[in-house]
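Asker: Next come a sequence and a model predicted from it.
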Amino acid sequence: MSRKLLPLLILAIGIAGFVLLKMTRPEPAQVTATERSWRVQVQTVEPGTHTPVLPLYGEVVAPDQVSIAATLAGRIGERPVAEGQQVHQGDLLLALDQMDVKPVLAQAEAQVADLQAQIRSEQVRYRNDLTALESETAIEANARRQLERTRSLVERNLASREALESSTDALARAELTVRTRQRSVDEHPARKQSLDARLAQAEANLESTRRDAERARVVAPFDGVVTGVQVAPGDQVSRNQTLLTIYPDQGLELRATVPEMFRAELQAALSAGEQLRAWSEGGRHAFRLARFAGMADPAGTEAILTLAGEASGLRPGALLPVTLERPARAQSVAIPFSALYGADAVYLMNSENRMQRVQVERIGEARSDNGERQLVVAGEDLVPGARLITTHLPNAVTGLKVDLAGEPEE
């Protein structure tokens with residue numbers, strides 16, 4: 001065989017083998033495209049009445065806290081209580097030294113006694129002036145008659161001019177004496193009124209001093225806790241100096257700022273007579289929303305909640321997180337947070353097992369029976385029996401095919 005024909009023969013054999021293999025190959029199975037579905041969990045919608053809650057962070061205050069101040073200047077004689085001590089109504093809190101109290105009281109009593117004596121003296125003086133006025137008036141009349149006799153004698157040259165002048169001077173002195181005495185009698189009502197006013201002032205001062213002397217021994221006005229102790233026995237204190245404070249066991253309040261978007265709703269509920277309660281963590285302390293503060297600020301308005309029940313260790317100044325119940329909302333649904341898309345959308349599962357996006361109104365948070373946080377929403381599409389998809393899918397879109405978790409795949 002010619003060497004030139006050998007390559008052609010090999011090429012022909014290769015081509016023939018390729019054609020044979022192609023003709024004898026198996027036919028591939030026919031593939032049809034199938035749509036993928038996503039496994040989800042659903043919640044059957046059952047609209048009802050739910051109570052949304054509002055988390056708050058407030059400060060415990062004692063609105064009826066009383067500051068005890070010194071009613072008199074002096075030294076602290078007794079102070080049997082200490083900071084944070086529980087006391088009962090009538091228990092001694094502190095007392096000023098009686099050696100500092102008694103002189104002040106004695107001085108006030110002496111002022112009253114002195115003015116009472118001055119009034120009695122004025123009455124005696126008045127009676128004496130009246131008697132003296134009668135005598136001095138008679139003397140004046142005699143002096144006038146004497147002057148008339150002397151003038152008659154002088155006219156008849158039976159008396160000298162010196163005698164006339166002497167009689168004139170005597171009458172002038174008698175008249176002056178009568179006028180002076182009359183003025184003293186006329187001034188008696190004014191002097192008496194002045195003394196009465198000074199006596200009334202002294203008696204008021206005595207009453208005030210007696211009251212301050214009684215308050216120099218301070219007892220607890222109610223069952224409470226002592227705070228702010230600023231003095232010790234033996235300290236010298238001045239009048240009106242604050243010594244300690246005390247607040248009652250009952251009547252503590254919680255003041256927490258409520259965002260402005262919730263204030264109108266809560267205020268309307270209060271005006272309608274609803275009882276809105278708040279609970280601390282674990283339900284240890286219960287509060288009742290009583291009112292709102294009269295002033296607001298950009299952060300919101302301060303809500304005032306009163307303690308309902310025992311204080312159980314609460315102290316003014318403590319910061320306490322609470323959960324406030326808002327007014328109940330009818331025709332609402334409690335759903336898990338995973339069901340919410342964006343701020344106001346959820347997905348329902350339609351009859352064709354496809355996702356359908358619907359808009360809802362976000363009302364607030366709620367607590368389930370087991371304490372789990374839930375979201376309260378409402379919407380026209382949340383009808384009884386609707387299937388709400390609670391599984392959060394990153395690729396969620398209307399029309400996406402889904403299957404219920406737990407059902408066999410088709």
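Answerer: Sure thing, it's come through.

Asker: so what strands line up beside the helix or strand containing residue 292?
Answerer: Taking DSSP states H and E as the definition, one finds residue 292 inside strand 286-297. Using DSSP bridges, the strands paired with strand 286-297 are strand 277-280 (antiparallel), strand 300-308 (antiparallel).

Asker: So, low pLDDT: which residues of the protein?
Answerer: For the chain, the stretches with pLDDT under 70 are 1-6, 8, 25, 27-34, 406-410.

Asker: Which stretches in it count as helices?
Answerer: In the chain, the segments counted as helices under DSSP state H are 5-23, 98-155, 161-186, 188-215, 260-271.

Asker: returning to what we had before: of the strands paired with strand 286-297, which is nearest residue 160?
Answerer: Taking CB to CB, strand 300-308 is the member of those nearest to residue 160, at 102.8 Å. Every residue, glycine included, has its C-beta placed from N, CA and C.

Asker: Could you chop this protein up by domain?
Answerer: What automatic domain parsing lists as the domains of the chain is 39-50+329-404, 53-63+251-325, 66-97+215-247, 100-213.

Asker: now the end-to-end length of the last one.
Answerer: Same thing as domain 100-213. Using CA to CA, to the nearest Å, one end of domain 100-213 lies 10 Å from the other.

Asker: and what of the second one?
Answerer: Between the start and the finish of domain 53-63+251-325 there is a gap of 4 Å, counting by CA to CA.

Asker: how far does that domain sit from the chain's center?
Answerer: Distance of domain 53-63+251-325 from its chain centroid, counting by CA atoms, centre = their mean, to the nearest Å, is 11 Å.

Asker: for the first one, same thing?
Answerer: The chain centre lies 41 Å from the centre of domain 39-50+329-404; the measure is CA atoms, centre = their mean.

Asker: Kindly report the same for the shortest one.
Answerer: Centre-to-centre, domain 66-97+215-247 and its host chain are 24 Å apart (CA atoms, centre = their mean).

Asker: now swap in the last one and tell me
Answerer: Between the mean C-alpha point of domain 100-213 and the mean C-alpha point of its chain there is a distance of 63 Å (CA atoms, centre = their mean).

Asker: before we move on, the earlier item: for my notes, please list the strands paired with strand 286-297 in JSON lines and give distance to residue 333 and mean neighbour count for each entry.
Answerer: Below are these laid out as JSON lines (distance: least, CB to CB, whole Å; neighbours: other CB atoms under 10 Å):
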{"stretch": "strand 277-280", "distance to residue 333": "23", "mean neighbour count": "18"}
{"stretch": "strand 300-308", "distance to residue 333": "27", "mean neighbour count": "19"}
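
Asker: ok so, going back, list the buried residues in the strand holding residue 292.
Answerer: Within strand 286-297, the residues that qualify as buried are 286-287, 289, 292, counting by 16 or more other CB atoms under 10 Å.

Asker: Looking at these, which is nearest residue 184?
Answerer: Among the buried residues of strand 286-297, residue 292 lies closest to residue 184 (CB to CB), at 69.7 Å.

Asker: In this structure the closest one contacts residue 264, no?
Answerer: No. Residue 292 is not in contact with residue 264 according to CB atoms under 8 Å; the separation is 10.4 Å.

Asker: What distance do you get for residue 184 to residue 129?
Answerer: Counting by CB to CB, to the nearest Å, the gap from residue 184 to residue 129 is 5 Å.

Asker: Thanks a lot, see you next time.
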